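In: Have a look at this prediction, sequence included:
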Amino acid sequence: MKPTNARAALSRARSAAALALLLALTACGGTPSSPTPEAAGDTVRNCDVDVAVAGPPERVFAAYQPAIETAHALGISDRLVGTAFLDAQVMDAYTGAQADQEYYPNLPSREELLSHEPDFVFSGFNDAFTDESFGTRASLRELGAESWILSPLCPSEDGRTDETIDPATVTMDSVYADLRDLGAVFGTEERAEQVIADMEATVEGVTQTLDGRVAPEDRPTVMIGRPSDEGFRVAGGPDFSTEIIDLAGGVNAFADLDSRRNHTVATEDVIERDPDFILVDVCCDAQMTSADAADQIGQIMDDPALANLTAVTAGQVEGFTFADRSAGVRSAAAVATVAGIIHSDLFE
Amino acid sequence: MAHHVAERPASPGPAVPGGRTRPRAGGTGLLSGPGARGTGLAAAVAVLVALALASVLIGYQTLSAADVYAAYAAFTGSDTDLVVRHLRVPRTLAGLAVGAALGVSGVLVQGVTRNPLGDPGILGINAGAALAAVVAISVLGVSTLLGYVGFAFLGAAVAACAVYAVGSLGPDGAGPVRLALAGAAITALLGSLTSAIVLRDRASLDEYRFWIVGSLAGADTSALLQALPFLGAGLLLAAALARPLNAVALGDELARSLGTRLWLVRGASALAVVLLAGAATAAAGPIGFVGVAVPHIARALVGPDYRWVLPWSAVLAPALLLAADIVGRVVVRPEELQVGIVTAFVGAPFFILLVRRRRTAGL
Amino acid sequence: MRGSSGVLPPGTGVVRAGGLSVRVHWPEAALGALLGALAVFMALVSLAAGDFAMGPEEVVGAFTGHGSVMATHVIVEMRLPRALTGLGVGAALALSGALLQRLAGNPLVSPDIVGINAGATSGAVLAIVVFGGTALSIAASALGGAVATALLLYLLAYRRGVSGQRLVLVGIALTAMLGAATSYLLTRAELTTAQRAMLWITGSLANREWAHAVTVGAALAVLMPVALALGRSLSLLQLGEDTATALGGRVQPARAALLLTATALAAMATAVAGPVAFVALVAPQITRRILRERSAGLWPAAACGGLLVVCADLIARTAFGGSELPVGVVTGIMGAPYLLYLLARGSRVGRSG
């Protein structure tokens, strides 16, 4: 985490936030299937499901890293009744708040979820609301629990998962729009604006620094992935990595693999593409940090087949986490982290 | 069997009606006479060599023979040189070694259990290797491929010993059916434990689901060198077992009357299977179908004499494996199909055809 | 198929050799009733147990309309259909196993001999991984996979009649292909999707609803009477085909009808709960041993299967904290030692086949 430039750019970001708000409002006339939430009376639309904003939820269950971190960021830590499925350590600012929470390493059963009598189920990934997990959002609503999926991962419909993510939603703006809507749902609008402003300031800081100094053709290629038995597991086009790398002034080396978020590619494919940087995205437990990538970085650096890779010869294989590539409150910091790695000359 | 779903305990393997078949006296395959079998074997070796060459040349990029020659004769450290030396050649050698090991161990298992559906998996090899690998990842925190190869081999060996021990408890020692049953039960037990672990530990599920399909893509020279002594010893042992297995095929009583020490043949076969299939599975994951299908194909060609079935299987199995691996590299570019998946999809229809063509499918 | 000649052990009553008399075998009926009552009792116990802590009065309240919305939902829409599904799945699997074991004259045969598990698994995993299906579409896809595989298997193995050995050999090949397809789908899925698919593959009753309970219940309602009615010809078959033919029974049609019934029962059970390990194999074995007979009565076997699955699911659901294990893990871990125990005792199981 590098909260670089955040405070310095705060005032500038406030006006940017106001502009973004205006843009979000004017975007309301979009197509009905657009995941851009539409405030309609006392509901907010999230992934084609209306979510009531009548009374702020008091018993929130948060599943997956981005949802848990977003809940803490929006200041509702004391309303959480349970958390589940972290991919890495939560952001530094929230370790204290998370330490007090009941935590499940895997998704609990539907019955265990209901035993907390939640009135809001918040998921950072789309497969919590399927029949074999927590149940569909409609079925939870019948029991008095509203629900939310972070919109860069909207499934094609309630009860489904992510084979059909609309690439147009895989943007930082979707994250901001979600934060704003969730602020309205939880009655923490000001806190939400603050979080958005901080994130925008961080991203804006990166953009400003890069502005005019990196020609489009000089953007380094970045591979986010990790070694596997069969080559490498890499983040493809529809993954939020592509947006993060783009904002950080790079190009996702595997952006053309666009059928799914994650792909297994052959070692020879990696050699052929010869990425300038390799970010090893370790996953998945609540204590994980990018330092845990050391073993796998060593494996890449020592692999004789990879000896000619630019990333290897230049020593540009770095630790990262799977959590860093997921859309959420951490994404702005992830942009700064990636920018700091791939343009280390511009960011001190 | 290779795949998790195929490891269900109630596998009918041992319970085949008519499963205890005996070679028909004087039965022969399509190639009869030592001359035809010998010439055929030479031709099969030639095909294998051609496939090995193709396996080095064909891949993400197609290389020329000159590239390969240069990688060794005039090494410059270019991308092509590295690909040849560190990816294509180790992968091809792994295919040869793993294939031969699976083919020969399949023959041994089928011979000693007199179960035509025998597969090294019957001795719990795959299940033991899988559980050990999963424990290494989830409990001991081993994160490198090389790290859990050792565990997988150990797990395969321990599981096979347990199966053999339980199978030998009865009054008549390790009879074929008892062995197969003990294998099915222990495979199921280990499979359930593996499921229990991977369902509660995401990181190990993430490794396990890739390991379980069986692949040569991760072949690595040092892992290969580690496995070589085991494979060599297993192959030598298998060669020595050809004649005793012919006697065993005649039935326990007849074999005994011919002076065969059954316990010795069974024990030595089990040891050879552990060495061969254990090392192969540890190195490449459980590759299904080769061990079960290749001995059938070999018998169809050369008849039931183990002195011919063993060498033919040792040649046909790596040929099948390499061919499958080459296919897997080209069909879904730029990604790859794991070899274990291709062997099933190439081998199974061929096997079905074989089963339908033979009059009784007798063995 | 291998004839069952020689499997009639000395000393066992050939009471039912006549086959034409109405068989009211009272030890069998008593055992069936006892096991059935036990199964229902355990199903009731499982209504009160689970992650959502509730006392007996709250359980009763859920049925009388006095419970909270969530408590009522947990009892009436989750635990009750789940317990009923467990009873039905166990009964169907055990019945299928008992039929097949008798047909083959082999105590170790179970329904995946006809490729049902592999087919159902591929169908379900396809629905989960590629189509992100709902509970019912997953069950439907599993059923489709099971039926298609069984049909394909018979078709491919058919060549002037279906020989048992050819059936098994083709079954192995199809199972290998389907297993490979399933594994491939698992490697393509997101990790969390793979987790859900693994649950199904292991055999699970998690989140089973009324639709599942009704499905398996309807299957039993139709198929169980057929199985019991055909049981008569079964006792003829037990004597071996030659004897049965001599006694005038029409062996081939009876055999085909029983095979079909057994296949359909297992396919329905597997579509609903996934391949729950060992129940089809072990339940008939247990009742057979209690009755000290060489083959299990169908009714006690079904009750025993229901009891096993309900108990195993209760353990799976409550003994492992907030994240339950699938029932198939429990039946696998409990069933395998039982089989090993049978082997170690040197029972005839190990010597048959």
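Out: Happy to help now that I have it.
In: drop to CA atoms for contacts and neighbour counts, all remaining ones
Out: Noted.
In: how about the helices in the stretch 1-150 of chain C?
Out: C:26-48, C:56-64, C:69-72, C:80-104, C:116-129, C:135-157 (DSSP state H, counting those that start in this stretch).
In: what's the closest of those to residue B:147?
Out: Nearest to residue B:147 among the helices of the stretch 1-150 of chain C is helix C:116-129 (30.4 Å), distances taken as C-alpha to C-alpha.
In: touching chain A at all, that closest one?
Out: No: applying C-alpha under 8 Å from any C-alpha of the partner chain, one finds helix C:116-129 out of contact with chain A, separated by at least 8.5 Å.
In: Quick check, central residue of chain C?
Out: In chain C, the residue lying closest to the centroid (C-alpha atoms, centre = their mean) is residue C:93, at 1.4 Å.
In: can I assume that residue is in contact with residue C:280?
Out: Yes: using C-alpha atoms under 8 Å as the test, residue C:93 is close enough to residue C:280 to be in contact (4.7 Å).
In: give me the low-pLDDT residue ranges for the chain?
Out: You didn't say which chain, so I picked chain A. For chain A, applying pLDDT under 70 flags the ranges A:1-41, A:159-165.
In: wrong chain, I was asking about chain C
Out: Regions of chain C meeting the criterion pLDDT under 70 cover residues C:1-24, C:106, C:113, C:161-165, C:232-252, C:293-296, C:322, C:346-353.
In: ok, now how distant is the residue of it positioned farthest from its centre from chain B?
Out: In chain C, residue C:66 marks the outermost C-alpha relative to the chain mean, sitting 36.7 Å out by C-alpha atoms, centre = their mean. Look at residue C:66 and chain B: by C-alpha to the nearest C-alpha, to the nearest Å, they are 36 Å apart.
In: contacting residues for that residue?
Out: Contacts of residue C:66 were listed using C-alpha atoms under 8 Å, 6 or more residues apart in numbering or on different chains, and they are residue C:58.
In: Could you rerun that using 6 Å?
Out: Applying C-alpha atoms under 6 Å, 6 or more residues apart in numbering or on different chains, one finds that residue C:66 lies in contact with no residue.
In: which bits of chain C sit near chain A?
Out: By C-alpha under 6 Å from any C-alpha of the partner chain, the residues of chain C that approach chain A are C:51, C:52, C:132, C:134, C:135, C:207, C:322, C:323.
In: And the third one, its phi and psi?
Out: Geometry field for residue C:132 lists phi and psi as phi 50, psi 50, criterion degrees, to the nearest 10.
In: ditto for the first one
Out: For residue C:51, the backbone dihedrals are phi -60, psi -30 (criterion: degrees, to the nearest 10).
In: Excluding residues flanking it in the chain, which one is nearest it?
Out: The shortest distance from residue C:51 to any residue that is not its chain neighbour, by C-alpha to C-alpha, 6 or more residues apart in numbering or on different chains, is 5.1 Å, and that residue is residue A:112.
In: Was I right to think residue A:258 contacts residue A:240?
Out: No: the pair residue A:258 and residue A:240 does not pass the contact test of C-alpha atoms under 6 Å, sitting 11.9 Å apart.
In: in the residues of chain C next to chain A, which two residues are the furthest apart from each other?
Out: Greatest spatial distance in the residues of chain C next to chain A: C:52 and C:132, 27.6 Å, computed using C-alpha to C-alpha.
In: Those two - which one has more neighbours?
Out: Neighbour comparison, residue C:52 and residue C:132: the larger count goes to residue C:132, with 25 against 19 (by other C-alpha atoms under 10 Å in any protein chain shown).
In: Any residues of the stretch 1-150 of chain B in contact with chain A? List them.
Out: Counting by C-alpha under 6 Å from any C-alpha, the residues of the stretch 1-150 of chain B lying close to chain A are B:82, B:86.
In: Give the burial count for residue A:224, as a bare number.
Out: 28.
In: Verify the contact between it and residue A:279 for me.
Out: Yes: judged on C-alpha under 6 Å, residue A:224 makes contact with residue A:279 at a distance of 4.7 Å.
In: one step back: tabulate the helices of the stretch 1-150 of chain C in a markdown table, adding columns for distance to chain B.
Out: Conversion of the helices of the stretch 1-150 of chain C to a markdown table gives the following (distance: least, C-alpha to the nearest C-alpha, whole Å):
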| stretch | distance to chain B |
| --- | --- |
| helix C:26-48 | 22 |
| helix C:56-64 | 30 |
| helix C:69-72 | 27 |
| helix C:80-104 | 7 |
| helix C:116-129 | 6 |
| helix C:135-157 | 7 |
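In: Nearest to residue A:200, out of those helices?
Out: Distances from residue A:200 to each of the helices of the stretch 1-150 of chain C were compared using C-alpha to C-alpha; the minimum, 35.7 Å, belongs to helix C:116-129.
In: Name the residues that touch that closest one?
Out: With contact meaning C-alpha under 6 Å, 6+ apart, helix C:116-129 is reached by C:133, C:138, C:141-143, C:145-146, C:149, C:175, C:178, C:182, C:189, C:197, C:275.
In: And the top helix by length along chain C, what does it pack against?
Out: Determined from DSSP state H, the single longest helix within chain C is helix C:210-237. Using 3 or more C-alpha pairs under 6 Å, 6 or more residues apart in numbering or on different chains; DSSP states H and E as the contact test, the elements touching helix C:210-237 are helix C:80-104.
In: Could you give the separation of the helix it packs on from the chain centroid?
Out: 4 Å (C-alpha atoms, centre = their mean, to the nearest Å).
In: now the strands for chain A?
Out: Taking DSSP state E as the criterion, chain A carries its strands at A:39-40, A:43-46, A:49-52, A:60-63, A:80-84, A:103-104, A:120-123, A:146-149, A:221-228, A:231-235, A:251-252, A:262-265, A:277-282, A:317-321.
In: Out of the ones you listed, flag the one nearest residue A:303.
Out: By C-alpha to C-alpha (comparing all of the strands of chain A), the closest turns out to be strand A:221-228, at 10.6 Å.
In: Pull out the buried positions in the closest one.
Out: Applying a neighbour-count criterion of 16 or more other C-alpha atoms under 10 Å in any protein chain shown, the buried positions in strand A:221-228 are A:221, A:222, A:223, A:224, A:225, A:226, A:227, A:228.
In: which residue sits closest to the fifth one, ignoring its sequence neighbours?
Out: Leaving out its chain neighbours, the residue that sits closest to residue A:225 by C-alpha to C-alpha, 6+ apart is residue A:234, at 4.1 Å.
In: Any idea how many residues pack against that neighbour?
Out: Close neighbours of residue A:234, defined as other C-alpha under 10 Å, add up to 28.
In: you'd agree residue A:293 is up against residue A:320?
Out: No: here residue A:293 lies out of contact with residue A:320, judged by C-alpha under 6 Å, at a distance of 7.1 Å.
In: Counting neighbours around each, name which of the two comes out higher.
Out: Per other C-alpha under 10 Å, whichever of residue A:293 and residue A:320 has more neighbours is residue A:320, with 25 against 22.
In: and that one, what are its bridge partners?
Out: Following DSSP bridges, residue A:320 is listed with bridge partners residue A:281.
In: how near is it to chain C?
Out: In this structure, residue A:320 and chain C are 18 Å apart, going by C-alpha to the nearest C-alpha.
In: just residue A:131 next, same as before
Out: In this structure, residue A:131 lies at 5 Å from chain C, with C-alpha to the nearest C-alpha as the measure.
In: For that residue, give me its contacts.
Out: If you count contacts by C-alpha under 6 Å, 6+ apart, then residue A:131 has C:134, C:135 around it.
In: Identify the residue spatially nearest to the residue sitting furthest away from the middle of chain A, adjacent ones excluded.
Out: Relative to the C-alpha centroid of chain A, counting by C-alpha atoms, centre = their mean, residue A:304 is the outermost residue, at 33.8 Å. What sits nearest to residue A:304 in space, not counting adjacent residues and going by C-alpha to C-alpha, 6+ apart, is residue B:86, at 6.5 Å.
In: Neighbours of residue B:346, how many?
Out: For residue B:346, the neighbour count with other C-alpha under 10 Å is 17.
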